[in-house]
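Trainee: structure for the following, please:
(chains A and B)
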Number of protein chains: 2
Amino acid sequence: MYDGLKGFRDFYPGEQSARREVTDAIEDAASRYGFREIATPALERTEMYVDKSGEEIVEELYAFEDKGGRGVSMTPELTPTVARMVVAKGQELSKPIKWMSTRPFWRYEQVQQGRFREFYQTNIDVFGSSAPEADAEVLAVAADALTALGLTGDDFEFRVSHRDILGGLVRSLADDTEAVDTAAAIRAVDKRAKVDDGEYFGLLSDAGLDRATAREFDDLITGVETVDDLDAVAEAGDESVEAAVENLRNVLAAADDFGAGEFCEVSLTTARGLDYYTGVVFECFDSTGEVSRSVFGGGRYDDLIESFGGQPTPAVGVAPGHATLKLLCQRAGVWPDEELTTDYYVLSVGDTRSEAAALARDLRALGDDVVVEGDVSDRSFGAQLGYADSINAETVVVVGERDLENGEYTVKDMASGDETTVPVEEFPPEDGLPTYEDYD
Amino acid sequence: MYDGLKGFRDFYPGEQSARREVTDAIEDAASRYGFREIATPALERTEMYVDKSGEEIVEELYAFEDKGGRGVSMTPELTPTVARMVVAKGQELSKPIKWMSTRPFWRYEQVQQGRFREFYQTNIDVFGSSAPEADAEVLAVAADALTALGLTGDDFEFRVSHRDILGGLVRSLADDTEAVDTAAAIRAVDKRAKVDDGEYFGLLSDAGLDRATAREFDDLITGVETVDDLDAVAEAGDESVEAAVENLRNVLAAADDFGAGEFCEVSLTTARGLDYYTGVVFECFDSTGEVSRSVFGGGRYDDLIESFGGQPTPAVGVAPGHATLKLLCQRAGVWPDEELTTDYYVLSVGDTRSEAAALARDLRALGDDVVVEGDVSDRSFGAQLGYADSINAETVVVVGERDLENGEYTVKDMASGDETTVPVEEFPPEDGLPTYEDYD
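Mentor: Below is the predicted model:
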């Protein structure tokens, strides 16, 4: 007997049917906005990640040398791959490019609740538009996906921030602009909720902010709870901060028009950890706080395509992670039932295989989504009925020798156990999926 | 600029929409028979493959050591993983277990037409039934999937064989039963169409058959073109051959009942390469021969679960590979168009973003499959119209300031260029997806 690997999961049918329902809801939401599915490789050259994130990234990659001596890695995220694909087609692609895909990614890291070594995400990205409408559309798609799952404004919120407000404020407030490391300061903000005050201010100090400036910076960003509060921030910062505040306001106004405004709140303590973000960033949180971690996040990364050798191409995206989303859905009581559904079990008794099979085919022709099972194990009436129950068959149609002689099937409702006979020529009818009730 | 890896493919939206359509057709066919989706890891312990196939398998695996020192491999096929999963749940799972999944697999091998290092398959398996109906259901699902794609009995055929007929014949004919290697002989049959006569008979000789016996064996298996021809084979073999012939007849009779008979023909020169097959095996071929390789195959592997440490559990499955299936579909002219489809582009001119966004939301609410794009790039009328054309929008709805003052939208048919105005309160109507024709 073999074991699966730690942090890698086997999804059996019940759980998988719920996962599929959730994946479909997210993809359908994106598809309705014209995001087009792409499919991407599981392996890329390791150098692509090292160039982007530094040599230390290799520690958390499934990196190895292939039989041809190439340094390769199992993809830890989608963004570098889509950047590569955008660069490869260059001007061929009409803009905006709107792509989505759902697939697993891999990171060698500590396994904990909602975090695995193999994890699934749906990536949704817009390339080629710097307009606030692109940011807003990404927020709107994410909101539509969550509401399609049954979540409401009481369940989740998007905390929206702007990297250039944070970076610009740091530079505006610092005595020595040269000595300050804005990227490090932004990473400190990203850690703010996860570490204690001492560590947080220590990180800001490491980034080049003295104690008083760090306190002033923190007061400014924590003082913002509404769009109106942004005035004070704009006044405290330089022109870049003013422009970023204006951009953030425009994105939120567009999000209002796009129907996502009710889910958005301004939160400058939101920063996102990855260095490649450039403008608006946001994270989705459980409004009740019961799921304490960020559910997922997204934002603008306007410089990445150019850094990959392409034409300057602004970009913005979001990537719902399915494991944390499951935690939120479970908390809110909207995670789909993890069980099988079966419309019909056609139960063959005696020498009726040919007739039962023909009936099963007729029932399958009733729709793309209909599920019809029949005996493939040469089993008794009782064993077949037990199996039909185990797969949650709604209706069992018994095709028996004696019934057939009378030109009848027996239609049985599995919930109540009630049954009735139905003339062969009336079953199935022309339209709809017939149940016991139709013949009662 | 980075390159993708050789043998790994990027699928852009046009091609991916065709692939998705084909994948959905296969999965829908299996789902209608009650095959339930599972999801499985991309990595497994390398020893699982070495134990099953020998140390030499490592040469074609993406095998490496993970950060925890485990020998791991990117999964080259699904069967060992599902065997592991069946064993892990043991008696918990009600039988028959009917599973399916679509995903990529990886092998380090020579890249050629229809063969890649990352390749996609839909695996469809039944565990826990040794009855011929299980084999027949697998054939029926495969046939339904192919006909759902638009293929007909003129396009493809299932060449059905039986490993125990081949193995039993070899043992029956050989002078020295001990000296004969039936697995090697079956592998020789599998190679028959790919090598010349000399090499083929050489392989049979290596398997322990002298020249005359090998010739007799080959005459017997090539002499079978119909079910009736199996009589001669049953007579030439021992009891195991007789039983296997009986089993093959029963599977074909059940396939007839299940609607797949018209696609099946007996072909004892079909063997399947993998050692774990035990009973009925089959391969799907292009009937015209234009695609010369096997499109995909399947068969029985009754011993695998037990060899993985589980209870004896018969199994039968099929695994359509998407790359060769594409070759067949293209040859038959049924590969879906590789292009984007868009129902509506809502074109906002002037200060109408809010109204245009509300309309786009109303249109998106018309159905799960509807695709509605709008401007996210703050572009001119002309640029928007050009983009709408590039995404093959069927209908453009212009939301202009002046039109709105008159309480109207302009509805434009992109194929003809015809347009008309429609009162705002009549668009969209309660039912259906409105087009220009509805208002002409």
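Trainee: pLDDT weak spots in the stretch 201-350 of chain A?
Mentor: Along the stretch 201-350 of chain A, no part satisfies pLDDT under 70.
Trainee: what residues does it put near chain B?
Mentor: Contact residues of the stretch 201-350 of chain A with respect to chain B, defined by C-beta under 8 Å from any C-beta of the partner chain, are listed as A:Ala254, A:Asp257, A:Phe258, A:Gly259, A:Phe308, A:Gly309, A:Gly310, A:Leu340, A:Thr342. For the C-beta atoms, the positions are set from N, CA and C on the backbone; glycine is no exception.
Trainee: farthest pair within those?
Mentor: With distances taken as C-beta to C-beta, the most widely separated pair in those is A:Gly309 and A:Thr342, at 52.3 Å.
Trainee: so the two - more neighbours on which side?
Mentor: Set side by side, A:Gly309 and A:Thr342 show more neighbours around A:Thr342, with 21 against 13, by other C-beta atoms under 10 Å in any protein chain shown.
Trainee: bridged to the more buried one, which residues?
Mentor: Per DSSP bridges, residues listed as beta-bridge partners of A:Thr342: A:Ala393.
Trainee: what's near enough to touch it?
Mentor: Contact partners of A:Thr342, counting by C-beta atoms under 8 Å, 6 or more residues apart in numbering or on different chains, are A:Val371, A:Val372, A:Glu373, A:Ala388, A:Ile391, A:Asn392, A:Ala393, A:Glu394, B:Gly34.
Trainee: ok, the last one touching B:Lys98?
Mentor: What that stands for is B:Gly34. Yes. Distance between B:Gly34 and B:Lys98: 5.5 Å, which falls inside the contact criterion (C-beta atoms under 8 Å).
Trainee: intersection of neighbour lists for these two?
Mentor: Common neighbours of B:Gly34 and B:Lys98, counting by C-beta under 8 Å, 6+ apart, are A:Glu373.
Trainee: now stretch A:60-69: buried residues?
Mentor: A:Glu60, A:Leu61, A:Tyr62, A:Ala63, A:Phe64, A:Asp66 (16 or more other C-beta atoms under 10 Å in any protein chain shown).
Trainee: same question for stretch A:366-376.
Mentor: Neighbour-count burial for stretch A:366-376 flags A:Leu366, A:Val370, A:Val371, A:Val372, A:Glu373, A:Gly374, A:Asp375, A:Val376 (criterion: 16+ other C-beta under 10 Å).
Trainee: show me the residue at the heart of chain A, geometrically.
Mentor: Most central in chain A under C-alpha atoms, centre = their mean is A:Pro320, positioned 2.8 Å from the mean C-alpha point.
Trainee: distance check, it against chain B.
Mentor: When C-beta to the nearest C-beta, to the nearest Å is the yardstick, A:Pro320 and chain B sit 17 Å from each other.
Trainee: pretty sure that residue sits against A:Ala145.
Mentor: Yes. In this structure, A:Pro320 sits in contact with A:Ala145. The criterion is C-beta under 8 Å, and the distance is 6.7 Å.
Trainee: list residues touching both of these two?
Mentor: Counting by C-beta under 8 Å, 6+ apart, the contacts common to A:Pro320 and A:Ala145 are A:Ile26.
Trainee: give the rounded mean pLDDT of stretch A:113-120.
Mentor: When pLDDT is averaged over stretch A:113-120, the result is 92.
Trainee: now do the end-to-end distance for it.
Mentor: Length of stretch A:113-120, first residue to last, C-alpha to C-alpha, to the nearest Å: 14 Å.
Trainee: quick one on the thing from earlier: using a markdown table, lay out the contacts of A:Thr342 together with distance to A:Glu56.
Mentor: Converted to a markdown table, the contacts of A:Thr342 look like this (distance: C-beta to C-beta, whole Å):
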| residue | distance to A:Glu56 |
| --- | --- |
| A:Val371 | 49 |
| A:Val372 | 54 |
| A:Glu373 | 52 |
| A:Ala388 | 56 |
| A:Ile391 | 49 |
| A:Asn392 | 50 |
| A:Ala393 | 54 |
| A:Glu394 | 55 |
| B:Gly34 | 49 |
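Trainee: select from the residues of the stretch 201-350 of chain A next to chain B the one having the most neighbours.
Mentor: For those, neighbours were counted by other C-beta under 10 Å; the highest total belongs to A:Phe258, with 27 neighbours.
Trainee: so chain A: which segments form each domain?
Mentor: What automatic domain parsing lists as the domains of chain A is A:13-40+A:75-332, A:342-439.
Trainee: now do the same end-to-end measure for the shortest one.
Mentor: Separation of the first and last residues of domain A:342-439 by C-alpha to C-alpha is 19 Å.
Trainee: next: the first one.
Mentor: One end of domain A:13-40+A:75-332 to the other measures 23 Å (C-alpha to C-alpha).
Trainee: what do you get for stretch A:267-280?
Mentor: The separation between the terminal residues of stretch A:267-280, taken as C-alpha to C-alpha, is 11 Å.
Trainee: just stretch A:430-440 next, same as before
Mentor: With C-alpha to C-alpha as the measure, stretch A:430-440 spans 18 Å from end to end.
Trainee: report the buried residues of it.
Mentor: Along stretch A:430-440, these residues count as buried under the neighbour rule (16+ other C-beta under 10 Å): A:Leu433, A:Pro434, A:Tyr436, A:Asp438, A:Tyr439.
Trainee: just curious, which of those residues is nearest to B:Met48?
Mentor: Distances from B:Met48 to those, taken by C-beta to C-beta, are shortest for A:Leu433, at 42.0 Å.
Trainee: what are the phi and psi values at that closest one?
Mentor: Geometry field for A:Leu433 lists phi and psi as phi -100, psi 100, criterion degrees, to the nearest 10.
Trainee: need the contact list for it.
Mentor: With C-beta under 8 Å, 6+ apart, A:Leu433 has these contacts: A:Asp343, A:Leu366, A:Gly367, A:Val370.
Trainee: and the second one, which of the three is it?
Mentor: When you say that, I think you mean A:Leu366. For A:Leu366, the secondary-structure state derived from DSSP: H, G, I helix; E, B strand; the rest coil is coil.
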